[in-house]
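# I'll drop the sequence and a predicted model, then ask my questions.
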Amino acid sequence: MTDLAAFAALLAPEGQTLLAALRDHDPAQELAVASRLRRDHPVELVSAALGQARLRQRAVAKFGPEDAYRMYFTPNGVEQSTRAAVGTYRAARLKALGVGSVADLCSGIGGDALALARAGISVLAVDRDPLTAEVARANAAALGLADLIEVRCADVTEIDTSPHDAVFVDPARRGGRGRIFDPEAYSPPLSWAMEAARKAPHAALKIAPGVPHETVPEEAEAEWISDGGDVKEAVLWFGTEPGARRATLLPSGASLTGRGLPDPAVRPVGRYLYEPDGAVIRAHLVAEAAEELGGGLIDPTIAYITADTLSPTPYASAYEITDELPFNLKKLKALLREREVGTLTVKKRGSAVAPEEIRRRVAPKGPNSATVLLTRVAGAPTMLIGRPARAERS
């Protein structure tokens, strides 16, 4: 799919028939499938349908099969779209704020607009790329949400957002050379997005999770969101809790808010080690998690919490530690051989050694399993051996 004409052909009856036939196609058999389909359909249409089928298969991870196989995508749209679970969560927050209409600026293929509409919020979805706007319009129709979503192809900087209760901005963070790390190089720049946010009663700006905390304006709440343990994004909220820092974990929805605690004390490794969720770490809320667990740090520069008791928590994974050894691969190999460990999970924090190299060097064999955490304890390279604790998450 390279242009508007090809996309329009996909929406026509013949294109729809092809897409339905390709729903479960095997990419490994694509050449044979293409040859067969070209006997009865135009070459350009077959190419467009195959490309769309590939994109739909990739999109299942973000949107789920029920929606992904009804939606339409562009390559950038699949790559940059918000995961559906995150969009649904964010839409619910806006709905709880009393928001009834949102100007979705830089809407892309409409993933966030769909989540907002499903929450009962009317949406003006704006994107400057004509093809992307058409894809967003088709997605609204495909999911039965066209009555709540108006798609407009325009420059977001020229949009009057005053008729809306809230503004949502998802600036493009990828360019021709890949990911963009400078917020002022976003399209549009983060500074413009912040000004647009300040003009609305409520606003949410989607940004990279690695954003420096010092760049967050005082009047904004900063929230880091993970889904299934993977940090997906950060959001700057305006019109909520100025200065707040929050880590939210999906799918549970557990949310930890900063209380301005000092760094936890460093203490010896106890029976249990806790690895905070990435959103907790990005939000600089390890101290809050440690307080809940009654624990301390194993090193002042490492985000591992240790405690003597096992406490269920949604904010960290827990490991029961059986051994603490100075970093030494020969000793590790001997210990694993003695315990007949064949399934070895290697995690690291504060270590330059690659987990793959550890597994290759120790060559684990046997019926048992273990976890090795490569880290630093009080500044010294250390190997902690253990296993996931049973009450790992609440």
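Looks like it arrived, so ask away.

# So what pairs up with the nearest residue to Val235 once chain neighbours are set aside in the strands?
Nearest residue to Val235 in three dimensions, chain neighbours excluded: Glu223, at 4.8 Å (CB to CB, 6 or more residues apart in numbering). C-beta here means a position set from N, CA and C on the backbone, and glycine is covered the same way. In this entry, Glu223 is beta-bridged to Val235, Arg246, by DSSP bridges.

# what's Glu223 in contact with, if anything?
234-235, 237, 245-248, 283 (CB atoms under 8 Å, 6 or more residues apart in numbering).

# Go through these and say which is closest to Ile109.
Val235 (19.4 Å; CB to CB).

# okay, now that closest one: neighbour count?
Val235 has 24 neighbouring residues, counting by other CB atoms under 10 Å.

# ditto for Arg259
By other CB under 10 Å, neighbour count at Arg259 equals 10.

# Assign the closest residue to it other than its chain neighbours to helix, strand or coil.
In this structure, Arg259 finds its nearest non-sequential neighbour in Glu288, 5.9 Å apart by CB to CB, 6+ apart. Following DSSP: H, G, I helix; E, B strand; the rest coil, the label given to Glu288 is helix.

# what helix or strand is the nearest residue to Ala146 once chain neighbours are set aside on?
Once flanking residues are discounted, Ala146 sits nearest to Ala140: 4.6 Å by CB to CB, 6+ apart. Using DSSP states H and E, the element containing Ala140 is helix 130-142.

# Direction included, what does the helix or strand just after that helix pair against?
Sequence order places strand 149-153 as the next helix or strand after helix 130-142, per DSSP H and E. Using DSSP bridges, strand 149-153 pairs in its sheet with strand 122-127 (parallel).

# Averaged pLDDT, the strand it pairs with. What do you get?
Averaged across strand 122-127, the pLDDT comes to 97.

# Pull the residues that contact that strand.
100-108, 110, 113, 116-117, 133, 136, 140, 148-154, 156, 159, 164.

# Would you verify that Leu18 is located in a helix?
Yes: per three-state DSSP, Leu18 lies within a helix segment.

# neighbours of it, just the number please.
22.

# Do me a favour and get the end-to-end distance for stretch 232-246?
Start-to-end span of stretch 232-246 (CA to CA, to the nearest Å) is 14 Å.

# Show me which positions of it end up buried.
232-240, 245-246 (16 or more other CB atoms under 10 Å).

# What is the nearest of those residues to Pro209?
Among the buried residues of stretch 232-246, and counting by CB to CB, the member closest to Pro209 is Ala234, at 4.7 Å.

# From Ser191, how far off is that closest one?
Separation of Ala234 from Ser191 (CB to CB, to the nearest Å): 16 Å.

# Which helix or strand contains the residue positioned nearest the centre of the chain?
By CA atoms, centre = their mean, the chain has its centre lying nearest to Lys232, at 1.9 Å. According to DSSP H and E, Lys232 maps onto strand 230-238.

# quick check: mean pLDDT across that strand?
95.

# swap in stretch 385-394?
73.

# Kindly report the same for stretch 24-39.
85.

# In its sheet, which strands sit next to the strand or helix carrying Gly342, and in what direction?
Using DSSP H and E, Gly342 maps to strand 341-348. Applying DSSP bridges, strand 341-348 is found paired with strand 368-377 (parallel).

# Output the contacting helices and strands for the helix or strand just after the partner strand.
The C-terminal neighbour of strand 368-377 among helices and strands, as given by DSSP H and E, is strand 380-388. Identification of packing neighbours for strand 380-388 by 3 or more CB pairs under 8 Å, 6 or more residues apart in numbering; DSSP states H and E yields strand 316-326, helix 329-338, strand 368-377.

# now the longest one, how far from the centre of its chain.
Relative to its chain's centre, strand 316-326 lies at 28 Å (CA atoms, centre = their mean, to the nearest Å).

# Who are the packing partners of it?
strand 272-276, helix 329-338, strand 368-377, strand 380-388.

# in its sheet, what does it sit against?
strand 272-276 (antiparallel), strand 380-388 (antiparallel).

# my guess is Val156 meets Pro188, correct?
Yes: between Val156 and Pro188 there is a contact at 6.3 Å, judged by CB atoms under 8 Å.

# biggest separation within the buried residues of stretch 232-246, which pair?
Lys232 and Gly239 (22.4 Å).

# Could you list the buried residues of stretch 313-323?
So for stretch 313-323, counting by 16+ other CB under 10 Å, buried means 313-319, 321.

# could I get these as CSV with distance to Leu297?
Shown next, in CSV, are the buried residues of stretch 313-323 (distance: CB to CB, whole Å):
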residue, distance to Leu297
Thr313, 16
Pro314, 20
Tyr315, 15
Ala316, 13
Ser317, 16
Ala318, 15
Tyr319, 15
Ile321, 14
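
# Looking at these, spot the one nearest Ile305.
Among these, and counting by CB to CB, the member closest to Ile305 is Ala316, at 6.6 Å.

# What separation is there between that closest one and Tyr272?
10 Å.

# try Ala49
Taking CB to CB, one finds Ala49 at 53 Å from Tyr272.

# okay, these two: which has more neighbours?
Neighbours per residue (other CB under 10 Å) separate Ala49 from Tyr272, with Ala49 holding more: 28 against 22.

# what's near enough to touch that one?
10, 15, 18-19, 22, 37, 41.

# In the stretch 251-394 of the chain, where is pLDDT below threshold?
Across the stretch 251-394 of the chain, residues meeting the criterion (pLDDT under 70) sit at 391-394.

# need the strands for the stretch 51-200 of the chain, in chain order.
101-105, 122-127, 149-153, 166-169, 174-175, 178-179 (DSSP state E, counting those that start in this stretch).

# hey, which of the ones you listed is tucked in deepest?
strand 166-169 (a mean of 28; mean count of other CB atoms under 10 Å).
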